[in-house]
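1. Below is the structure, and that's it, no one-letter string:
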């Protein structure tokens, strides 16, 4: 059975200019896929009338078109107007909706000590919906809506990701969207995560396993030294998926660290939690990124006690107890300094496990002996110590990001002895 097609139209000139990164398109694509839809296209367009209308008309060729952005009170917020035009219906003022938006806008005006008259025109504009559309209510002052054109169901959502994600579940509850989903059959998604293997090695394993099967789609994506393989399994194709997964994993199983969507930091925290261990970080070139990844996981406070960013040598000495003699003899970017930093964090913060990172992120500071990208890591715990050195490729941002992932995997390896 052919899956219903979904086209996602994301609008915002700041996205086209590269000033901001689109978060809504990927979110909606993942949602569409999980619901059994085929996310056919993500169209990112500016606020210009001609480009946006063309994108919306493309969306009206799909079973479901979801728009993001352009619902504000200003002249360049055109999504609702252009959805109505593309669908061939008029705009109409919803008085109940106007009253809701007015109440929110009056509250904002009071907080900003501005007259409500400054908001009134925009309130009326935002209360206009295409004839026949169902309101999803407000997120901020922007109302979401759903319009069934007879051939396509259009879901109109605000641009801020938190607001969009608040209204998206309401859209799924509408009768029009439910009719589209009734023709969809959600696939099963299997997740394989590898670390330490090259993308080409995983691709070769997939090829030698026979590649995709009927009803089993495979995608490979490299992300900061991790290789992610996703298997999308159509209903009834479980046996074929089992066969492919087994043949794919067999030659590279030593690199497999996860069969679920949890990032490596969640695995690290779970490993510590299962054994009653506490964790801390000592960072130089990553500037707190390892700690940020760990504290980004809900419930991390049960395990993670804190981190020390020790950029300058005197801070490494004073806060982490790195001996001056070590820094003088080996330098701040060395296995010896990394080990002393990890041991210092473990001692200073009173934890069971600590990990450290020290390196040269560039673009300056490298030498022939210690080039830009040279990074040392150390992890210490009750059952031993691991120290690692790696020349990380990329620019400053990539070196810092990849070094963060390397540090987390070093802790994982220490805790699993793999």
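-> Good, I have the coordinates. Just so it is clear, the model here is predicted, and its values are computed rather than measured.
2. where along the stretch 101-250 of the chain do the strands fall?
-> For the stretch 101-250 of the chain, the strands defined by DSSP state E, counting those that start in this stretch occupy 128-130, 134-139, 142-148, 153-157, 188-195, 216-223, 226-233.
3. any idea which of those strands is most buried?
-> Among the strands of the stretch 101-250 of the chain, the stretch with the highest mean neighbour count (mean count of other CB atoms under 10 Å) is strand 153-157, at a mean of 28. Every residue, glycine included, has its C-beta placed from N, CA and C.
4. Direction included, what does it pair against?
-> strand 64-68 (parallel), strand 142-148 (antiparallel) (DSSP bridges).
5. and residue 114, which of the strands of the stretch 101-250 of the chain is closest to it?
-> strand 142-148 (19.2 Å; CB to CB).
6. which residues are contacting that closest one?
-> Strand 142-148 has contacts (CB atoms under 8 Å, 6 or more residues apart in numbering) with 71-72, 80, 83, 87, 89, 97, 100-101, 126-127, 129-130, 132-137, 153-159, 163, 167, 170-171, 174, 176-177.
7. One more: stretch 9-22?
-> 24-25, 42-48, 52, 55-56, 58-59, 65-70, 76, 79, 159.
8. Please indicate which of the residues you listed are buried?
-> Among the contacts of stretch 9-22, those that count as buried by neighbour count (16 or more other CB atoms under 10 Å) are 24-25, 42-47, 52, 55-56, 58-59, 65-70, 79, 159.
9. Show me where the stretch 1-150 of the chain has its helices.
-> With helices called from DSSP state H, counting those that start in this stretch, the stretch 1-150 of the chain shows them at 13-16, 24-34, 49-59, 79-87, 95-112, 117-126.
10. Per-residue pLDDT of the closest residue to residue 301 other than its chain neighbours, please?
-> Nearest residue to residue 301, sequence neighbours excluded (CB to CB, 6 or more residues apart in numbering): residue 295, at 7.9 Å. Predicted confidence (pLDDT) at residue 295: the value is 98.
11. From what I see, residue 295 and residue 304 are in contact.
-> Yes - between residue 295 and residue 304 there is a contact at 6.2 Å, judged by CB atoms under 8 Å.
12. Tell me which of the strands paired with strand 153-157 sits nearest to residue 252.
-> strand 64-68 (36.9 Å).
13. Name the residues that touch the closest one?
-> 4-11, 24-25, 28, 32, 37, 56, 59, 79, 83, 152-159, 164, 171, 177, 180.
14. One more: stretch 303-322?
-> Counting by CB under 8 Å, 6+ apart, 269, 272-273, 277-284, 287-288, 290-291, 294-295, 323-324, 327, 332, 337, 340-341, 343-345, 347-351 sit against stretch 303-322.
15. Could you identify the buried members of those?
-> By 16+ other CB under 10 Å, the contacts of stretch 303-322 give 269, 272, 277-284, 290-291, 294-295, 327, 332, 337, 340-341, 343-345, 348-349, 351 as buried.
16. Just the ones in helices from those, please.
-> Residues of these located in helices (DSSP state H): 269, 272, 290-291, 294-295, 327, 337, 340-341, 343-345, 348-349.
17. Pick out the most distant pair among these.
-> 269 and 327 (31.1 Å).
18. For residue 184, which non-adjacent residue is spatially closest?
-> Nearest residue to residue 184 in three dimensions, chain neighbours excluded: residue 36, at 3.1 Å (CB to CB, 6+ apart).
19. Check whether the one you found really touches residue 188, as I assumed.
-> No - using CB under 8 Å, residue 36 makes no contact with residue 188, being 10.6 Å away.
20. who touches both of those two?
-> Common neighbours of residue 36 and residue 188 (CB under 8 Å, 6+ apart) do not exist.
21. Adding distance to residue 109, write the strands of the stretch 101-250 of the chain out as TSV.
-> Supplementary listing: the strands of the stretch 101-250 of the chain in TSV, determined by distance: least, CB to CB, whole Å:
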stretch	distance to residue 109
strand 128-130	20
strand 134-139	16
strand 142-148	17
strand 153-157	25
strand 188-195	46
strand 216-223	45
strand 226-233	47
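22. Of those strands, which is nearest residue 399?
-> Using CB to CB, these put strand 216-223 closest to residue 399, at 15.0 Å.
23. and the closest one, average pLDDT?
-> Averaging pLDDT residue by residue across strand 216-223 gives 94.
24. Output the contacting helices and strands for it.
-> helix 199-208, strand 226-233, helix 238-249 (3 or more CB pairs under 8 Å, 6 or more residues apart in numbering; DSSP states H and E).
25. which stretch among the ones you listed comes nearest residue 119?
-> strand 226-233 (45.5 Å).
26. Give me the angle between that closest one and helix 238-249.
-> With axes from the mean of the first three to the mean of the last three CA atoms, to 10 degrees defining the directions, strand 226-233 sits at 160 degrees from helix 238-249.
27. Relative to strand 226-233, what are the paired strands and their orientations?
-> Counting by DSSP bridges, strand 226-233 is paired with strand 188-195 (antiparallel), strand 216-223 (antiparallel).
28. mind checking the longest helix of this structure?
-> Longest helix in the chain, counting by DSSP H: helix 396-416.
29. quick one: that helix to chain centroid distance?
-> 18 Å (CA atoms, centre = their mean, to the nearest Å).
30. Any buried residues in that helix, and which?
-> Per 16+ other CB under 10 Å, helix 396-416 contains these buried residues: 399-415.
31. which one of the strands of the stretch 101-250 of the chain lies closest to residue 379?
-> strand 188-195 (14.5 Å).
32. I'd like the mean pLDDT over that closest one, please.
-> 95.
33. now stretch 90-107
-> On average, stretch 90-107 scores 93.
34. Now do stretch 200-214: everything it contacts.
-> With CB under 8 Å, 6+ apart as the criterion, stretch 200-214 contacts 194, 218, 220, 227, 229, 237, 240-241, 243-244, 247-252.
35. swap the cut-off to 6 Å and go again
-> Residues from elsewhere that reach stretch 200-214 (CB atoms under 6 Å, 6 or more residues apart in numbering): 194, 218, 220, 227, 240, 244, 247-248, 251-252.
36. Please identify the buried residues of that stretch?
-> Result for stretch 200-214 [16+ other CB under 10 Å]: buried residues 202-203, 205-206, 209, 213.
37. Show the end-to-end separation of that stretch, please.
-> 23 Å (CA to CA, to the nearest Å).
38. now swap in stretch 233-243 and tell me
-> End residues of stretch 233-243 are separated by 12 Å (CA to CA).
39. correct me, but residue 89 touches residue 129?
-> No - Residue 89 is beyond contact range of residue 129, at 9.8 Å (criterion: CB atoms under 6 Å).
40. Right, I'll leave it there.
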